[in-house]
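Q: Just need the structure, nothing else, for what follows:
(2 chains)
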There are 2 protein chains.
Amino acid sequence: MSFKAPLKDMLFALEHVADLQSVAKLPGFEDAGLDTAQAVLEECAKFNEGVVAPLNWTGDTQPSTLSNGVVKTTPGFREAFKQFAEGGWQGVQHPVEFGGQGLPKAIATPCIEILNAANLSFALCPLLTDGAIEALLTAGSGEQKKRYVPNLISGRWTGTMNLTEPQAGSDLSLVRAKAVPQADGSYRVFGQKIFITFGEHDMADNIVHLVLARTPDAPEGVKGISLFIVPKFLVDEAGEPLERNDVWCSSIEHKLGIKASPTSVLIYGDGKGEVGEGAVGYLVGEENRGLEYMFIMMNSARFAVGMQGVAIAERAYQKAAAYAKERLQSRDVVGSSGPVAIVEHPDVRRMLMTMRAHTEAARALAYLAAALSDAGHHSGDATERKRSMAAYEYLVPIVKGWSTEMSLEVTSLGVQVHGGMGFIEETGAAQYYRDARILTIYEGTTAIQANDLVGRKTARDGGAVAKGLLEQARESAASLSASANADLQAIGRRLSAGCDALASVIEFVVANSKSDVRAVFAGSVPYLKLAGIVLSGWQMGRAAQAAASRLESGDDAGFMAAKIATARFHADHILSQAPGLASSVVDGATGVLALESERF
Amino acid sequence: MSFKAPLKDMLFALEHVADLQSVAKLPGFEDAGLDTAQAVLEECAKFNEGVVAPLNWTGDTQPSTLSNGVVKTTPGFREAFKQFAEGGWQGVQHPVEFGGQGLPKAIATPCIEILNAANLSFALCPLLTDGAIEALLTAGSGEQKKRYVPNLISGRWTGTMNLTEPQAGSDLSLVRAKAVPQADGSYRVFGQKIFITFGEHDMADNIVHLVLARTPDAPEGVKGISLFIVPKFLVDEAGEPLERNDVWCSSIEHKLGIKASPTSVLIYGDGKGEVGEGAVGYLVGEENRGLEYMFIMMNSARFAVGMQGVAIAERAYQKAAAYAKERLQSRDVVGSSGPVAIVEHPDVRRMLMTMRAHTEAARALAYLAAALSDAGHHSGDATERKRSMAAYEYLVPIVKGWSTEMSLEVTSLGVQVHGGMGFIEETGAAQYYRDARILTIYEGTTAIQANDLVGRKTARDGGAVAKGLLEQARESAASLSASANADLQAIGRRLSAGCDALASVIEFVVANSKSDVRAVFAGSVPYLKLAGIVLSGWQMGRAAQAAASRLESGDDAGFMAAKIATARFHADHILSQAPGLASSVVDGATGVLALESERF
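A: Got it, this is the predicted structure:
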């Protein structure tokens, strides 16, 4: 089955949830209204459906390979990336002055979703490059921006993030890679980095590695880490390649999924290059502030990984729905003359609705977050910028954590809908199940997202931002409950109960974050899931209200009715889990913490 | 990491949950008390830990292969199966008169769990053979029993179940395979069967296929299906092989997991054998009653697949716990001088406790069910037999459905605990995640189990059996709540709320199963999950009470405290989901059924 980008749902969410019309009133985004969004997304869909999506299965069966330090990517990837670059797709959200299209994140986000739904492995290369671009734009010198950013935006080169070392995964304070200053102001970098996505490949002329390392006199811990540019090939001012730098791919991993994406071990300073011993690196920004800069990339990448969750969920849903409409098996539960398509069986329907509701809800929340990011960066009003930015930053760990957690359930249901055929690799449903499994791990596990949510995003401001969002959700709940429409009323009731649950958890986190830190962190992931469910359920409620009013005006009745039905399902099957999750946070620490470690 | 059978927890569950002492009072089981159980399980553990478990990873990397119609199993399987057979492990629960050990199901069940935890793929061959033995013992003629059963029990031969055809998966009414009667009373079987586990292999001298097929004048649908014995080699009365029968393996599947288990396409009647055209088959029991007999195998196999869920969950838990105690990363959340083992981090602990609580709870419920089966078959009192059998049959779809559903979550958490390493195949955690994924599908999907639970097991008797179990659970809840121990009180409160939730759902199912069948089936899987959570949570409560009283007598304090802690966790993190699930059943049908089919 071929992938079709869900343009109608995307545009609906942009219009009625993300309020793109308001984004288009921000300075610099005057042309970025719904018409532009539609035109861009249609082009994006056309390219990805036609060129990138067909390579998804190819990538699973013919992964990238390593031979003599050189990675050969899946057949077709190189040519597809060329077309991706020529189409300007790397530059959608980047500044016009460096060759980008300067569109808002609210429009770039569905583009990223489409690319990832087409091919998660392929999309990782642009995803990391986006992060590198953002880090350089924020922390790089004028000369560095000029030298590297246009070539990254054009797709001539790609970028990577080099954080992890064998002993330093979630805990970057343990980074050991070294950077030794040279007389000319450059550095020589030594060390080993692991899990480097597209750390070596054959799709572009050069790879710009952004690398965390310590200078000789740096303090220990996270305050002694600096960020360096280490290009695979040194380049002159015009970007023409010079010597091969001393950074080498020693192996690529044999993984459960995203097999086409080469996950590299990179050795810096092996002495085999054309530059002598040590990889030539250039300090980004100031020494010892590397982690801070890396977090710029990380936040961008975390949001994008959240979109990967939405994307793989959409892809899995489409495949399962197509199968369920085609596969005949068993009579209808109320009787039929022969076997019916399995989509008619109540439990298949329940599974498909679960997949659909999770996907639409997470999409809507992410698009809202993207629009908040746009306002946070571009609003003419400083208060509005601050308020929007804070809301966006609160939502980033939720978009990352929740969209990816739900994608595990959705891709698993995708296998289940296929029955025995789902377990056969050739069917393809299993690939989504395998591919999705990395999403709750990389760019910070769900627990790391939840720590961020609890610590920096909730406890630090006494829950102010969280309560602000909750207040808006309560207004929606009240308005839904006051509706004459039975579905909207039901959604309003569930949303209201969900808000109560989330409020109790926010209170708990704020009240105990100093006095009983262990108990608070014992509930961090349930808090994240609860916030994901309630805040995305809130968007489903808003979407249902908009659909109801468009339905009244006779607008696209089938689509609008489906919107309401999906929101209703979300309320009774997903939002309904909120009180239970709140119990796990508020009462759950005893059970989490009671066991002695050696008893495990 | 090597696998260690959790003997202590198994024996605790046998003693305090399954009440093995009472099983040992049943006629014929006088020697099958706790001492026997301990001796058998220790031997079982020794064999499986030493011989079978080390082949698990081998099987994933060197799956069974097919060449010229012959399947070569994973290196080491053949020799291990020989030892399995020689140890008498195929016969644990089968009658002494056919060479078995005649032990109760309550003791055979932990043996099956250990074998499956050691190696899910390997264990499938004995699992299917058990089903074939039970079907022959129940429906076979005296001569058939004599000819086939001893050789199956001794492990000289193995058995298979041949149900599925490309158009007939969950819906067996669509079976098309044909059986043509011959003058000598035998039949010739023609057709294609798919998804046949160990349908062809090199581990035994012969394979006894039990095959569903239609005789020429059979009525359409499920009432026209008969059951046939089709041995790979015809045998004489002494069991010595004669001609090669006309049944052939044409391919084996390329699967997501359990790769060592050859999942075969079998062609009957290709004319290539030594018997002329058509596979020689022998009718089992009466014509057109095949489905009924097959359900004997199915019920045995369904329960066993439930144990596979418990087993893979245990294996995944052990691996994750070992990694968490060994891997150092990040400082303690309340501060430490350096990185600590990740088991100290609250969310890692939460994940491990989730894995542990699910596994122990599902194990306890399954052992209880096994003991009910023993009483159901062997009690001297007819009323007691009937009561026990009905309770067992109510629990079979729950043991199958819930133990396997929870195993998906547990094996997924097993990957998550390992972080990035979990996604690397060599780590091994991903294998459990892949292997487990079939368990909610084969031997009847979770939806099929849930249909059985709703229809045959709840609606048919007006919920009588369900309510009987619920009444016992309520007594436990009351007794827990009345305890002076704060943990037991907390468990009692959650269990009581869980019972309310389950009661409301049983009422809903009984009240609407005729008037609104679609709505009832829309909630069937949430009902199954709810029943799984509440009834296994009830066993956790009973176990905690027993542990508390043994703790008071100073008995093995660390183990007993851990039992209580795990039950407490189960209450606040898993039982707490019960009310939400009940809402999905009672209020959820609208959302499930609203969407028009073509809108998916």
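Q: ok, and for stretch A:153-172, which residues are buried?
A: A:153-155, A:157-165, A:168-172 (16 or more other Cβ atoms under 10 Å in any protein chain shown). (Glycine included, C-beta is placed from N, CA and C.)
Q: Okay, domains of chain A per the record?
A: Each domain of chain A is listed here as a residue range: A:64-73+A:156-288, A:446-592, per automatic domain parsing.
Q: What separates the first and last residues of the longest one, distance-wise?
A: Spelled out, it's domain A:446-592. End-to-end distance of domain A:446-592: 17 Å, with Cα to Cα, to the nearest Å as the criterion.
Q: Please apply the same query to the shortest one.
A: Domain A:64-73+A:156-288 stretches 35 Å from its first residue to its last (Cα to Cα).
Q: mind checking how far that domain is from the chain centre?
A: 23 Å (Cα atoms, centre = their mean, to the nearest Å).
Q: What average pLDDT does it get?
A: For domain A:64-73+A:156-288, mean pLDDT is 96.
Q: Report whether that domain contacts chain B.
A: Yes - Domain A:64-73+A:156-288 is in contact with chain B by Cβ under 8 Å from any Cβ of the partner chain, via A:164, A:167, A:169-171, A:173-174, A:195, A:253-257.
Q: A:Asp184: how many residues sit nearby?
A: Residues within reach of A:Asp184, counting by other Cβ atoms under 10 Å in any protein chain shown, total 7.
Q: quick revisit: so which of the buried residues of stretch A:153-172 belong to strands?
A: A:Trp157, A:Thr158, A:Gly159, A:Thr160, A:Met161, A:Asn162 (DSSP state E).
Q: is it true that A:Glu42 touches A:Met10?
A: No - when contacts are counted by Cβ atoms under 8 Å, A:Glu42 is not listed as touching A:Met10 (10.5 Å).
Q: quick one: which of these two has more around it?
A: Neighbour count, other Cβ under 10 Å: between A:Glu42 and A:Met10, A:Met10 has more, with 26 against 13.
Q: Verify the contact between the more buried one and A:Ile112 for me.
A: No - counting by Cβ under 8 Å, A:Met10 does not reach A:Ile112; the two are 11.4 Å apart.
Q: which residues of chain A fall in strands?
A: A:65-67, A:70-72, A:157-162, A:178-181, A:187-197, A:206-213, A:226-231, A:233-235, A:241-244, A:247-252, A:263-268, A:279-284.
Q: could those strands go into TSV alongside distance to B:Ala486?
A: Output for the strands of chain A, formatted as TSV (distance: least, Cβ to Cβ, whole Å):
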stretch	distance to B:Ala486
strand A:65-67	57
strand A:70-72	58
strand A:157-162	47
strand A:178-181	53
strand A:187-197	44
strand A:206-213	47
strand A:226-231	51
strand A:233-235	66
strand A:241-244	67
strand A:247-252	52
strand A:263-268	48
strand A:279-284	54
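Q: Which positions in the stretch 401-550 of chain A make contact with chain B?
A: A:408, A:412, A:415-416, A:419-420, A:422-426, A:430, A:433-434, A:437-438, A:440-442, A:445-447, A:450-451, A:487, A:490, A:517-518, A:521-522, A:524-526.
Q: Make a PyMOL selection of whichever of these turn out to be buried.
A: In PyMOL, a selection of the buried entries from those looks like this (16+ other Cβ under 10 Å):
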select buried, chain A and resi 408+412+415+416+419+420+422+423+424+425+430+433+434+437+438+440+441+442+445+446+447+450+451+487+490+517+518+521+522+524+525+526
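Q: Of the residues of the stretch 401-550 of chain A next to chain B, which belong to helices?
A: Among those, DSSP state H puts A:408, A:412, A:415-416, A:430, A:433-434, A:446-447, A:450-451, A:487, A:490, A:517-518, A:521-522, A:524-526 in helices.
Q: what about A:Glu30, how many residues close to it?
A: Neighbours around A:Glu30, by other Cβ under 10 Å: 10.
Q: Revised request: answer the last question for A:Thr383.
A: There are 8 residues near A:Thr383, going by other Cβ under 10 Å.
Q: so how far is chain B from A:Ile506?
A: From A:Ile506 across to chain B, the span is 18 Å (Cβ to the nearest Cβ, to the nearest Å).
Q: how about low-confidence regions in the stretch 501-600 of chain A?
A: Scanning the stretch 501-600 of chain A for pLDDT under 70 picks out nothing.
Q: Tell me where it has helices.
A: With helices called from DSSP state H, counting those that start in this stretch, the stretch 501-600 of chain A shows them at A:517-522, A:524-552, A:557-573, A:578-587, A:589-593.
Q: Show me what counts as buried in the second one.
A: For helix A:524-552, the buried set under the neighbour-count rule, 16+ other Cβ under 10 Å, comprises A:524-548, A:550-551.
Q: can you pull the contacts of A:Ala522?
A: A:Gly588, A:Ala589, A:Val592, A:Leu593, B:Pro346, B:Asp347, B:Arg349, B:Arg350 (Cβ atoms under 8 Å, 6 or more residues apart in numbering or on different chains).
Q: can you pull the pLDDT of A:Asn299?
A: 85.
Q: what sits against the closest residue to A:Tyr293 other than its chain neighbours?
A: Among residues not flanking A:Tyr293 along the chain, A:Ala139 sits closest, at 4.2 Å (Cβ to Cβ, 6 or more residues apart in numbering or on different chains). Contact partners of A:Ala139, counting by Cβ under 8 Å, 6+ apart, are A:Leu227, A:Val284, A:Gly285, A:Arg289, A:Tyr293, A:Ile296.
Q: can you give me phi and psi for whichever residue of the stretch 101-250 of chain A sits closest to chain B?
A: Nearest to chain B in the stretch 101-250 of chain A, going by Cβ to the nearest Cβ, is A:Asp171, at a distance of 4.0 Å. Taking degrees, to the nearest 10, you get phi -100, psi 100 for the backbone angles of A:Asp171.
Q: nearest spatial neighbour of A:Ser330, skipping sequence neighbours?
A: B:Asp171 (4.0 Å).
Q: what do you get for A:Trp248?
A: A:Ile267 (4.8 Å).
Q: quick one: that neighbour from chain B, how far?
A: A:Ile267 is 18 Å from chain B, by Cβ to the nearest Cβ.
Q: pretty sure that residue contacts A:Val230?
A: No - using Cβ under 8 Å, A:Ile267 makes no contact with A:Val230, being 11.8 Å away.
Q: So for those two, which sits in the more crowded spot?
A: A side-by-side neighbour count of A:Ile267 and A:Val230, using other Cβ under 10 Å, places A:Val230 first with 27 against 19.
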